[in-house]
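The sequence isn't on hand, but the structure is:
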């Protein structure tokens, strides 16, 4: 569950000057030689215009994209960081590896990002499974990444510049690691290329309408952001970059997290703050090239969304109107069948979870939903949780009612950091044990497996 460069931008190709050796052509040269020189200049200018005009992005102009801006050359990587991470030896997963994030790349291929080891120092490590999670190998480590706020069980969602804490693969070959920064691989995690981006941190990356989009924020420091949120489209090709921002919005208060939620044709931005703070930074729906405020209306009694989940249809499920106590936090469940345009009440205060940080929500088909709470790993009254405080809740009727899982392994008492879908399966992660949790019966029973030590 990142910073712009302060260096001067590279000179755009169309502004490059004519090489000195052409300027020094002696005036007594023949007119044929002069024509050849002018021809060379013309070819250089045509070539430069061609490079700038077609910046390895898909053909055509995406909605909200400004062609003039898309033609501008990109600045160097933030902080002078190297543009490319070379190939490393594929190896066994470290014995103490802690899983932070997992993604389904298709064809039984999973990738995970977590805490590995770089010569005795913690560092982000990318691991891969090609047999649906049965076995794993380590593909790449990022020894220069900032891990000052990434390790441990209570890391902030907003990471510092240079940090990498999340992973998304769109295929077995193409994937992104992000957090404070953003890198892309097109060879299955063997090598990575740095991607320039607006804002000071990358909060989320998703696929929507066959495009890969990044959500970034400005004004980020010490785990919170106070600037505007921007959605940008990721370009393709060998030299990836973010195309022009296609939409932006400014939260009404500082945020400590923000997510992109895909629900059929709809794309939702949900900004969050500390549970129980009473702040409502904002929620928006992408409408053309702008972000329109998302309002739950009377269904949430005027209170903000706490979490939203979507699937392949325009149906969304959300929880809101949180009521926090030392032991538990209750939520109201609402739904939308038109991509967030209108909302209907499913149950007032019908979801109750242990009070231990944020809530995550996932749905496989709009009817089967899993909710989880997690981090920080102690109750509001400083009482450590026990196995009776299950952080998972399951609904099989679209959110009208909720219950604890029916069996399987006992969930970690520290809560779940994230829950997501893998087809009809559900996956969950907990930093307290660093393992991968799975349910193959739509949330009823859960089992967990360790990624650490595989491949040895």
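Now that the structure is in, tell me what you want to look at. Since the structure is predicted, the reported quantities are computational estimates derived from the model, not experimental observations.

in stretch 354-365, what's buried?
Across stretch 354-365, burial judged by 16 or more other CB atoms under 10 Å covers 354, 355, 356, 357, 358, 359, 360, 361, 362, 363, 364. Yep, even glycine has a C-beta here, placed from its N, CA and C like the rest.

Sorry, slip of the keys, the one I care about is stretch 418-425.
Applying 16+ other CB under 10 Å to stretch 418-425 flags 418, 419, 420, 421, 422, 425 as buried.

State the pair within the buried residues of stretch 354-365 that is farthest apart.
355 and 364 (26.6 Å; CB to CB).

which one among the buried residues of stretch 418-425 gets closest to residue 187?
residue 422 (23.3 Å).

quick one: the closest one and residue 104 touch, right?
Yes: using CB atoms under 8 Å, residue 422 makes contact with residue 104 at a distance of 5.0 Å.

Among the buried residues of stretch 354-365, which are located in strands?
If you go by DSSP state E, the buried residues of stretch 354-365 have 354, 358, 359, 360, 361, 362, 363 in strands.

if I pick the first one, what's in contact with it?
Contact partners of residue 354, counting by CB atoms under 8 Å, 6 or more residues apart in numbering, are 327, 328, 329, 373, 379, 385, 389, 390, 391, 415.

just the fourth one next, same as before
Residues touching residue 360, when contacts are defined by CB under 8 Å, 6+ apart, comprise 1, 307, 371, 372, 374, 416, 417, 418, 419, 420.

give me that answer again for 7 Å
The neighbours of residue 360, taking CB atoms under 7 Å, 6 or more residues apart in numbering as the test, are 307, 372, 416, 418, 419.

returning to that earlier point: got CSV for the buried residues of stretch 354-365, with pLDDT and distance to residue 227 too?
Formatted as CSV, the buried residues of stretch 354-365 follow (pLDDT from 0 to 100; distance: CB to CB, whole Å):
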residue, pLDDT, distance to residue 227
354, 90, 33
355, 87, 30
356, 83, 29
357, 77, 24
358, 82, 21
359, 90, 25
360, 93, 25
361, 96, 26
362, 97, 29
363, 96, 31
364, 93, 35
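
Just give me the closest of the residues you listed to residue 400.
Using CB to CB, the buried residues of stretch 354-365 come closest to residue 400 at residue 363, 13.2 Å.

hang on, that closest one packs against residue 313?
No: Residue 363 lies out of contact with residue 313 (CB atoms under 7 Å); the separation is 9.9 Å.

now the strands: where do they sit in the stretch 251-400 of the chain?
257-263, 266-272, 282-287, 290-293, 305-310, 316-324, 328-336, 344-354, 358-363, 369-374, 392-395 (DSSP state E, counting those that start in this stretch).

and the angle for the longest one with strand 358-363?
By that I understand strand 344-354. 130 degrees (axes from the mean of the first three to the mean of the last three CA atoms, to 10 degrees).

Can you list the buried residues in strand 344-354?
Buried-residue list, strand 344-354, by 16+ other CB under 10 Å: 345, 346, 347, 350, 351, 352, 353, 354.

show me the contacts for the third one.
The neighbours of residue 347, taking CB under 7 Å, 6+ apart as the test, are 332, 333, 399, 400, 401.

Contacts for stretch 296-315 next, please.
Here stretch 296-315 makes contact (CB under 7 Å, 6+ apart) with 261-266, 268, 270, 280, 283, 316-322, 331-332, 334-339, 343-345, 359-366, 369.

low pLDDT regions in the stretch 1-150 of the chain?
Residues of the stretch 1-150 of the chain that meet the criterion pLDDT under 70 lie in 1-82.

again, only this time at 90
1-83, 148-150 (pLDDT under 90).

Setting aside sequence neighbours, what's the nearest residue to residue 307?
Counting by CB to CB, 6 or more residues apart in numbering, residue 307 lies nearest to residue 361, which is 4.1 Å off, once chain neighbours are set aside.

thinking again about what came up before, a markdown table for the contacts of residue 354, including distance to residue 212, pLDDT and neighbour count?
Shown next, in a markdown table, are those (distance: CB to CB, whole Å; pLDDT from 0 to 100; neighbours: other CB atoms under 10 Å):
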| residue | distance to residue 212 | pLDDT | neighbour count |
| --- | --- | --- | --- |
| 327 | 41 | 86 | 14 |
| 328 | 38 | 90 | 16 |
| 329 | 34 | 92 | 23 |
| 373 | 30 | 92 | 27 |
| 379 | 39 | 54 | 17 |
| 385 | 37 | 66 | 21 |
| 389 | 38 | 83 | 20 |
| 390 | 35 | 90 | 21 |
| 391 | 31 | 92 | 27 |
| 415 | 30 | 86 | 31 |
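
quick one: which of those is nearest residue 447?
residue 390 (14.8 Å).

Next up, the contacts around that closest one.
404, 405, 411.

Of those residues, which is the nearest to residue 227?
Using CB to CB, those come closest to residue 227 at residue 411, 36.5 Å.

element containing that closest one, please.
Using DSSP states H and E, residue 411 sits within no helix or strand.

how many neighbours does it have?
Look at residue 411: counted by other CB atoms under 10 Å, it has 23 neighbours.

Let me see the contact set for it.
390, 391, 392, 446.

picking up where we left off before, take the strands of the stretch 251-400 of the chain and write them to JSON lines, including distance to residue 193.
Output for those, formatted as JSON lines (distance: least, CB to CB, whole Å):
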{"stretch": "strand 257-263", "distance to residue 193": "22"}
{"stretch": "strand 266-272", "distance to residue 193": "25"}
{"stretch": "strand 282-287", "distance to residue 193": "27"}
{"stretch": "strand 290-293", "distance to residue 193": "29"}
{"stretch": "strand 305-310", "distance to residue 193": "30"}
{"stretch": "strand 316-324", "distance to residue 193": "34"}
{"stretch": "strand 328-336", "distance to residue 193": "38"}
{"stretch": "strand 344-354", "distance to residue 193": "40"}
{"stretch": "strand 358-363", "distance to residue 193": "30"}
{"stretch": "strand 369-374", "distance to residue 193": "33"}
{"stretch": "strand 392-395", "distance to residue 193": "38"}
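
Which of those strands has the highest mean neighbour count?
strand 369-374 (a mean of 28; mean count of other CB atoms under 10 Å).
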